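# Just the structure for this:
(chains A, B, C and D)
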Amino acid sequence: MSEKNRQGITRRDFIVQGTVATAGLAAASILVPAPFAIGAQAKVKVGILLPYTGTYAKLGTNIRNAMMMRFAEAGNMLGGRPIEFVDIDSEAKPAKAQQLTEKLIKRENVDFLVGPVHSVVGMAMVKMARGAGPITVIPNAGADQLTGVLCAPNVFRTSFSSYQMGYPGGPAMIEDGHKRVVLMYWNYGFGKQVAAAFKKSFVPAGGTIVKEIPTPFPKVDFQAYLTELAALKPDAVYTFYAGGGAVKFVKDFAAAGLKDSIKLYGAGFLTEGLGAAQGDAAEGVRTILHYADSLENPVNQRFRTAFKAATGSDADVYAVQGYDAGELILHGMNAVKGDTGARAEMIRAMETAEIDSPRGKLRFSASHNPIHDIYLREVVKGENRVVRVAAKAQDDPATGCSM
Amino acid sequence: MIDSVLRTVRLNKSFGGLIATNNVTLEFERGQVHAIIGPNGAGKTTLINLLSGDLLPDDGEILFNGRNITNLPPNKISQLGIGRSYQKTNIFAEFSCYENCWVAAQSRLNTSMRFFRPARQLKAVLERTERALELCGLSSRRDSRASAMSYGEQRQLEIGMMLATEPELLLLDEPLAGMGSEESLQVIELLRRLAADHTLILIEHDMDAVFSIAQRLTVMVNGRVLETGSIERIRSSQAVQEAYLGVAEDAV
Amino acid sequence: MELSFYLVQLLNAVQYGFLLFLVASGLTLLFGIMGIINLAHGSFYMVGAYLAYWLTDLTGSFWLAILLGLPIALMVGYLVERFAISFLYQRDHLYQVLLTFALILVFNELQQILWGTDVHGVVIPEILAGSIPLTDNQSYPIYRLFISAACIAIACGMYWVIQKTRLGMMIRAGASNREMVQALGIDVNRLFAFVFSLGVALAAFAGMLAAPVDSVYPGMGENVLIISFVVVVIGGTGSIKGTFVGAMLIGLVSTFGKVLLPEMASIMVYALMAVILLWRPHGLFGRAA
Amino acid sequence: MSALIRSMPLLAALLALVLFPQFGSEYYVGLLTRIIIIALFALSLDLLIGYTGLVSFGHAAFYGIGGYALAIAFQDASVIPLWQALPLSLAAAAFAALVIGWISIRTSGIYFIMITLAMAQMFFYFFFESPRYGGDDGIFLFLKPVLMVGSEDILKLDQENNFYYFALSCLVSSYLLLVMILRAPFGKVIKAIKANEHRVRALGYSTSGYKLVSFVIAGTLAGLAGFLEGAHSGYVNPSYMSWHESGVCIAMVILGGMGTLYGPIVGAFIIVLLQNFLPELTEHWQLLLGGIVIAVVLFLPRGATSLYPRICDLIRRSRRGEREPQETADD
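You can find the predicted model right below:
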């Protein structure tokens, strides 16, 4: 398998280690509640709920591998205690989210919960974990509610909110000189939030939304919409697509000959990690993201080399988010010297953490959402290169959060 | 003027290019046993299917007790009092003999959309079921699974199910097909008994049986009615002799 | 919007219809003529796309990839037929639904084991890489025209094989009456194995042709699966003409649905199917069973 | 007497289910609650495919509608009275089943399979793309339904054990309801329709009416399951009605054994437990799940429960050391 790595942290190994423990536990805990050991040498349980099958499989794998790598760099110890992983495939299926979260919280009694990728899974998960549940770190899911309405002292996010994906796009496009813009996005929760945030900054700055074209998620036949786009003749288009849809969109956009007359912009996922699949079609596409492969800071360069060495594949923004999730947990546990009972103290340490992330400086807002720089990037020779910082220390309004 | 229970007027049915019934105009007299004979492919079964509503005619009319039933679905026709049995055994194989008759008997209730009363409590249905079982001679086999019964018994059950719907007119498509001589005699006896208070329309290849119970005959060839009338008339018909009977008797 | 806009949309609709027919053609062979409900059809489409990606990568030529990929697809089809489908001809459709549903799970996992979870693209072969200008700012890729042409060729070819050749006659006869055909001395088992493999190969071929315009990603087959069933059912099973008409109808409804009634776009095709089945319970060109 | 013996395993299973919360941890009670709900869903489908001969590939629609009716009506409510919420869910599912059934039963065979699928897809996309009902994010419910007597909630469903018993009693009453229906004239007729619809029509029954009623009953029970799932998890989203859900439901019915009422329940246990524990064995657990389903389809078409009488038979024979007569006239 491609995810083999040299430090021996293949998924297989986690599974095997996890299984020996869980299988025994499963047998015992059907009738008897699992015994809970306390003491310096007792293992810290880290529950992971990420997708390893389906469309988001790659994201889940990279997040997990990067987090594992961060732990491995620290000698696989959290505040002096060894780590036990309980790793579950979320399949990115909202319908199963609650059941799987329950398994981690109630059956495995994990100390930390890391996941997920999919926003809707995230909402089901956070709904269960917030409050009395384990310390939860979200390494990708971007729904605003997770650090908004659903925010809680024990819930952190190391990735982004939808707002941060859309809001900085407006001023950036105005600065590039595009005032008549069409908005195109996958018509689902996350896509809609990104579009709404974009409008919020773009219109007051003097831009005009010529038309909003929501397209059905997760469908990938864009031809009819592209014809409509061509007929509207805007200066540029701001989009939200990801994964297979992003590849298809960028290629169709180029094939329809629209690249010459309409400038293509989007939330970072439009081109992130898809260079090989998109090829020339992506050249010149500009996107907004809190990371770029080519970021020139020493942490990033060290991280990318290490990740490549450990997993055999190139790091991407998902890996960065996973890496930072590991860092955040490490930070919290070191602050309390492994005493998971000192919960308030640990949370305080985590929310005041200032992390030297591969993405640059990373802090956390009062709602535990990241505050970080957002970059405007352009694809040049298949690589996402930073054009400029689109927003310095971008925060999230955390609408509806009371903590 | 005869008292006809069923009348067809210029009934036509074709499948693709093949004409299965061609301008069939027939009258069936109340209380009589009326047999339809003819070589294979003469359109006999198609005619029965038209009468029972299993097929819709291309044109023509069917009148039952003066009422036009031409385009009614099979369930409506059954409810009006026309029962039929099939050439190929057509029973509920996994049901017991009793249950087969009982489903049939139950169809005469005003409504069978009864959910909460155990089925066996409905007395009228029960009686009808028993009567049908007795008539077709299967009372002793009532609890056998239909699929486990002998072929002859299954044929009897087929008739029993029809009887349980208490029809006025019976359409019987080769009730003796594939039976041994012993079983045949039993069924012929049964048909004779039924003839006492029903009208029977019968397709049958067994000429001895036909002549022993039928009062009227219709001979069909290539979808057309060649001749129709009393047994004597058919026997003496030159056309029938040539086209059909001579051949059939040679073969027997 | 001016007229040219609608003309371009019409072109899009027809093109989408062609693409749908391409995917549904294999299905109509299995579902329409052999009477097998194959939910794994989308998986075979995915297999085709991955074969195109993998073999193009390996050989450096898209055409060579198709040439090598088709026999592999045929083989996959043959194995699936021999070891699974062939046991189900006499059984209720229910079992076909369930077995092929399970096949989807199996193929999804096999795909991940063999090719991982990345999104891939296949480069359009050089000679078809250009595009034709349509309006002042939109042009039309030649490769899409090529797909349409391939689709017409397959439609004609299938029609000819099914209606005019001895093989087609055997297939039609075998589907309506197995015993009869067996009595005529034709080996029905081999015939069905062959036809099933052919259906699989057609699905894979559709996946291969679509790979350069689509992207190649896990689970891609499920996006085309249900819609191709809709196409076949609307057209009426057993009719290639029907499938063609069904594909065009869906192409039109879905394309213009997106433009004129965007918020109903996804529902429209299913509503169309319901209306057609209400009006003609056996589809537009289907016969009663 | 023999009926009593035959129902012994059932009663034993029921007893085990009743006693389980006394021993099981909260997690397993929760898991079992989910299995019971899914079992009810599968049971309702069995009325269609196992007894009426209608292969519905869109049954998840009613499951979803049951849940959505609850969520839409009470998402902002400060209290969810059971006596309002439950009838609402059931009525919504029943009405949807009436409409979908009325359209679908005009077709048969593969067309029926496909049209039920299409109808379910319409509902799926309706909820998926409608901003008013949460789109693909679904709807969260932060409260459990209550049944107030005086000022006291006599159910207290927010406690896992109570919800467990509530779900179990729903399953048991649905089971008994179906037993009764199947024994009644109506039940005999639908079974006859499954065996040979043409013959039933020839006997004078308007079969479409029976099929429609059966469809509505099944849809309503699926709605009950959806209601329970929505209330239990406090969350509904469109994937409740995806065609995958319908497919898995068919798998449960067949895996357990269709045409028996206990079969689908066993099937639900098998599938949910496999989904729960296989991922702990291997990353590629869906390969195993798919393999198991394929093996059952090929080698055990009457489902896992068809093994039980066979095993009993084997034991009996080996104990007596003699061969049973071949033809037994059981029902």
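
# CA only for contacts and neighbour counts going forward, please
Fine.

# Please list the residues of chain C that sit near chain A.
Residues of chain C found near chain A (Cα under 8 Å from any Cα of the partner chain) are C:1, C:5, C:8-9, C:12-13, C:109, C:112-113, C:116-123, C:131, C:137-141, C:213-219, C:223, C:255-256, C:258-259, C:262, C:265-266.

# try 7 Å
C:5, C:9, C:12, C:113, C:116-121, C:137-141, C:214-215, C:217-219, C:255 (Cα under 7 Å from any Cα of the partner chain).

# One more: the stretch 201-331 of chain D?
Taking Cα under 7 Å from any Cα as the contact definition, the stretch 201-331 of chain D meets chain A at D:239, D:240, D:280, D:281.

# Which of the residues you listed scores worst on pLDDT?
Of all these, residue D:280 carries the smallest pLDDT score, 80.

# Quick one: end-to-end length of stretch B:38-58, please.
With Cα to Cα, to the nearest Å applied, stretch B:38-58 spans 22 Å between its terminal residues.

# quick one: low-confidence parts of chain A?
A:1-41 (pLDDT under 70).

# tell me the domain boundaries of it?
Listed by automatic domain parsing, the domain ranges of chain A are A:3-160+A:295-368, A:164-289+A:375-394.

# Off-centre distance for the longest one?
Meaning domain A:3-160+A:295-368. 12 Å (Cα atoms, centre = their mean, to the nearest Å).

# coming back round to it: ok, which of the domains of chain A comes nearest chain D?
domain A:3-160+A:295-368 (4.8 Å; Cα to the nearest Cα).

# CA atoms only: put the helix or strand residue A:228 falls within into PDB for me.
Using DSSP states H and E, residue A:228 maps to helix A:223-232. Output of helix A:223-232 as PDB, limited to C-alpha atoms (Å, rounded to 0.1, in the frame of the first residue of the first chain):
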ATOM      1  CA  GLN A 223     -21.400  21.700 -18.900                       C
ATOM      2  CA  ALA A 224     -24.800  23.500 -18.700                       C
ATOM      3  CA  TYR A 225     -23.600  25.800 -16.000                       C
ATOM      4  CA  LEU A 226     -20.400  26.700 -17.800                       C
ATOM      5  CA  THR A 227     -22.500  27.700 -20.800                       C
ATOM      6  CA  GLU A 228     -24.500  29.900 -18.600                       C
ATOM      7  CA  LEU A 229     -21.300  31.300 -17.100                       C
ATOM      8  CA  ALA A 230     -20.000  32.100 -20.500                       C
ATOM      9  CA  ALA A 231     -23.200  33.900 -21.500                       C
ATOM     10  CA  LEU A 232     -23.100  36.000 -18.300                       C
END
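
# Chain B next: which of the residues of the stretch 201-331 of chain D next to chain A are close?
Answer for those near chain B: none qualify (Cα under 7 Å from any Cα).

# Adding distance to residue D:34 and secondary structure as columns, could you present these in JSON lines?
JSON lines is the format used below for those (distance: Cα to Cα, whole Å; DSSP: H, G, I helix; E, B strand; the rest coil):
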{"residue": "D:239", "distance to residue D:34": "16", "secondary structure": "helix"}
{"residue": "D:240", "distance to residue D:34": "14", "secondary structure": "helix"}
{"residue": "D:280", "distance to residue D:34": "19", "secondary structure": "helix"}
{"residue": "D:281", "distance to residue D:34": "22", "secondary structure": "helix"}
